[in-house]
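> Model the following, please.
(chains A, B, C and D)
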There are 2 protein chains.
Amino acid sequence: MAPPPEPRQGADWLRAVAQEVRTFDRSSTAERVAELLRHRVIEGDLPPGTRLSEEQLVEVLHVSRNTLREAFRLLTHEGLLVHLLHRGVFVPELDEDDLVDLYRLRRTIECDVVRRLERLDPVRLRPLHDDVAAGEDAARRDDWDAAGTANMRFHQHLVALAGSRRIDETAARLLAELRLAFHTVAAPQRLHEPYVSRNRGLLDLLVAGETDRAAKELEVYLHDSETQLVGAFRERSGRNP
Amino acid sequence: MAPPPEPRQGADWLRAVAQEVRTFDRSSTAERVAELLRHRVIEGDLPPGTRLSEEQLVEVLHVSRNTLREAFRLLTHEGLLVHLLHRGVFVPELDEDDLVDLYRLRRTIECDVVRRLERLDPVRLRPLHDDVAAGEDAARRDDWDAAGTANMRFHQHLVALAGSRRIDETAARLLAELRLAFHTVAAPQRLHEPYVSRNRGLLDLLVAGETDRAAKELEVYLHDSETQLVGAFRERSGRNP
DNA sequence: CTTGGGGGATCGTTGAACGACTGCCTAGGT
DNA sequence: ACCTAGGCAGTCGTTCAACGATCCCCCAAG
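You can find the predicted model right below:
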């Protein structure tokens, strides 16, 4: 009720409110719809190749066609939907070229971020610890979807160490598209199991401040992951031409 | 008139047509509007901070408000416009933090691309030769806007050597935003002059196949460019608070 | 088997409308 | 004088209905 007697003290308090407002009020309908669809796509509920009918979604979501189309634009630019003129939007079907392209960008971003790390405050590794723990926990529970999620978060937090907004955004787009790829092959355990321990190893190297070795390890890590994913991809397209 | 007697020969011919169609028919109104505005923003015709009124632009461009808004979304996601809820879209005013963030991403992308080059077919350096020549020519004519354009194209073609669609797109966004920064400081000659010869030097290293040295040179090149730009930026904000 | 139309469904774009929000200006209180 | 609340334009956010354009599928003719 009473206003804070010290205006100085109010500063961080106000910041907390501002943070809350940002996720609360500061979202247009289009962004909320986009968020909803984003989850559906990332979680794999909408299989690649699905067409998202404007008419149907307008009906279900109770938003206007224009608003829905704005949400489509949002997701299209994140690579989570593709827009074909006069045909509509689809959940993209990534092919092998997309996979290697994705990993090409992923290698340059992640490896370079790690390589350039220096004077790393251990506190900033906290989120990485949590993600690794979450991955190990999920593995124990045989919940390989959760393990995959934890893995994605680990890598997102890894590049966040660079402290660059634009690098974060690029990585976010990248990892979201990658999840799409995971869903097209759909073999969660084989895909994610090896990396719960390798993430742990990577983190240990970072804790020890061995950024060069970590970068090198990450390089082969990503190489392995790519070949494995490409392999699984070929298997799948072999038995499903 | 007569169809080609050899269907085999038609293959590359068809590809050329497909290419043409892609730029001709394959653009929605929103994309054409976006392209138009993109040029205005990149060329600096719209100074940073300008608000783009929906009402006015609808009037001038003879498109509907919804279409215009789709174009806005397109450019917003390229970083060329910022969208403030209930306030409209503006040409962004980059601050110093944006500059270092931009260069942070730029270093990881460009340097890593160069570092990973190997077995480079000299033919693929052709566009780089053209850009360097264009830069030198523009410098002779004291046309520093053209020199800046040539420089941007040089760097775009440089990352294109990686042969990755997503890296190209990331770089394109990055360089477009950077042009925005150039326009806020507006000292074309001092900004671009040093780099027409440095681009030449970089290209020579690539021709010689010395990718490691090229990567190292690019590292200090970008570092110099950043400090110079930040310096110019501080000058400007000093005399224009 | 290829080529050349319908037909139906869906998209692209428009224009108008109404509620909601922002920034500014003014009036009123201290 | 200074600060605060309230009103007032000006825009934006969102919705709705409609029309033309385009694509896909299917079927008939060559």
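> use CA for all of it now, contacts and neighbours both
Noted.
> If you count contacts, what does the helix or strand where residue A:214 lies end up packed against?
If you go by DSSP states H and E, residue A:214 is part of helix A:211-239. Packing partners of helix A:211-239 (3 or more Cα pairs under 8 Å, 6 or more residues apart in numbering or on different chains; DSSP states H and E): helix A:96-115, helix A:165-185, helix A:188-207.
> now those as JSON lines including mean pLDDT, mean neighbour count and distance to DNA strand D?
Output for the helices and strands packed on helix A:211-239, formatted as JSON lines (pLDDT from 0 to 100; neighbours: other Cα atoms under 10 Å in any protein chain shown; distance: least, Cα to the nearest atom of the strand, whole Å):
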{"stretch": "helix A:96-115", "mean pLDDT": "96", "mean neighbour count": "20", "distance to DNA strand D": "21"}
{"stretch": "helix A:165-185", "mean pLDDT": "92", "mean neighbour count": "20", "distance to DNA strand D": "21"}
{"stretch": "helix A:188-207", "mean pLDDT": "92", "mean neighbour count": "18", "distance to DNA strand D": "31"}
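> Pull out the buried residues from the helix holding residue A:214.
Applying a neighbour-count criterion of 16 or more other Cα atoms under 10 Å in any protein chain shown, one finds A:211-212, A:214-215, A:217-219, A:221-223, A:225-226, A:229-230, A:232-233 buried in helix A:211-239.
> Specify the angle between that helix and helix A:188-207 in degrees.
Interaxial angle, helix A:211-239 versus helix A:188-207 (axes from the mean of the first three to the mean of the last three Cα atoms, to 10 degrees): 170 degrees.
> Tell me the gap between helix A:211-239 and the middle of its chain.
Averaging C-alpha positions (Cα atoms, centre = their mean, to the nearest Å) puts helix A:211-239 17 Å from its chain's average.
> on that earlier part again, columns distance to residue A:45 on top of the helices and strands packed on helix A:211-239, output as a markdown table?
Formatted as a markdown table, the helices and strands packed on helix A:211-239 follow (distance: least, Cα to Cα, whole Å):
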| stretch | distance to residue A:45 |
| --- | --- |
| helix A:96-115 | 21 |
| helix A:165-185 | 9 |
| helix A:188-207 | 15 |
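> tell me the domain boundaries of chain A?
Domains of chain A are assigned by automatic domain parsing as A:27-90, A:96-239.
> what does chain A put close to DNA strand C?
A:52, A:53, A:54, A:55, A:66, A:83, A:84, A:85, A:86, A:87, A:88, A:89 (Cα under 7 Å from any atom of the strand).
> Tell me the one of the residues you listed nearest residue A:149?
Nearest to residue A:149 among the residues of chain A next to DNA strand C: residue A:52, at 24.5 Å, using Cα to Cα.
> ok, the closest one to residue B:184 distance?
41 Å (Cα to Cα, to the nearest Å).
> Same check on residue A:70?
30 Å.
> just residue A:155 next, same as before
On the measure of Cα to Cα, residue A:155 and residue B:184 end up 35 Å apart.
> For chain A, give me the ranges with low pLDDT.
Flagging of chain A using pLDDT under 70 yields the residue ranges A:1-27, A:237-241.
> near DNA strand D, which residues of it show up?
When proximity is defined as Cα under 7 Å from any atom of the strand, chain A approaches DNA strand D at A:28-30, A:62-68, A:85-87.
> Any quick PyMOL command for the buried ones out of the residues you listed?
Applying 16+ other Cα under 10 Å to these, the buried members can be selected in PyMOL as follows:
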select buried, chain A and resi 30+66+67+68
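> Show me the residues of chain A next to DNA strand D that map onto helices.
Judged by DSSP state H, these include A:29, A:30, A:65, A:66, A:67, A:68 as members of helices.
> from the residues you listed, which single one is nearest DNA strand D?
residue A:29 (3.3 Å; Cα to the nearest atom of the strand).
> Excluding residues flanking it in the chain, which one is nearest that closest one?
Once flanking residues are discounted, residue A:29 sits nearest to residue A:67: 7.1 Å by Cα to Cα, 6 or more residues apart in numbering or on different chains.
> ok, that neighbour to DNA strand C distance?
Distance, residue A:67 to DNA strand C, by Cα to the nearest atom of the strand, to the nearest Å: 10 Å.
> my guess is that residue meets residue A:30, correct?
Yes - shown here, residue A:67 and residue A:30 form a contact pair, counting by Cα atoms under 8 Å, at 5.3 Å.
> ok, so what distance separates residue A:207 from DNA strand C?
From residue A:207 across to DNA strand C, the span is 44 Å (Cα to the nearest atom of the strand).
> Enumerate every residue touching that residue.
Taking Cα atoms under 8 Å, 6 or more residues apart in numbering or on different chains, we find residue A:207 in contact with A:122, A:125.
> Please apply the same query to the one 4 residues further on.
Taking Cα under 8 Å, 6+ apart as the definition of contact, the neighbours of residue A:211 are A:114, A:115, A:116, A:117, A:118, A:205.
> Of all pairs in these, which one spans the longest distance?
Greatest spatial distance among the contacts of residue A:211 (Cα to Cα): A:116 and A:205, at 14.2 Å.
> Residue numbers of chain A in contact with chain B?
A:26, A:28, A:66, A:70, A:73-74, A:77, A:85, A:101-102, A:104-105, A:108-109, A:112-113, A:164-167, A:170 (Cα under 8 Å from any Cα of the partner chain).
> Try it again at 6 Å.
Remark: the part of chain A in contact with chain B comprises A:101, A:108, A:112, A:164, using Cα under 6 Å from any Cα of the partner chain.
> Can you show me the CA trace of stretch A:118-126 as PDB?
Taking Å, rounded to 0.1, in the frame of the first residue of the first chain, the C-alpha atoms of stretch A:118-126 are listed here in PDB:
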ATOM      1  CA  GLU A 118      38.100 -16.800 -20.900                       C
ATOM      2  CA  ARG A 119      38.000 -15.700 -17.300                       C
ATOM      3  CA  LEU A 120      34.800 -17.600 -16.900                       C
ATOM      4  CA  ASP A 121      33.000 -16.900 -13.700                       C
ATOM      5  CA  PRO A 122      32.000 -20.400 -12.300                       C
ATOM      6  CA  VAL A 123      28.600 -19.000 -11.300                       C
ATOM      7  CA  ARG A 124      27.700 -18.700 -14.900                       C
ATOM      8  CA  LEU A 125      28.100 -22.400 -15.400                       C
ATOM      9  CA  ARG A 126      25.200 -23.000 -13.000                       C
END
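> quick one: buried residues of it?
residue A:125.
> Same check on stretch A:142-150?
Quick answer for stretch A:142-150 (16+ other Cα under 10 Å): A:144, A:145, A:146, A:147, A:148, A:149, A:150.
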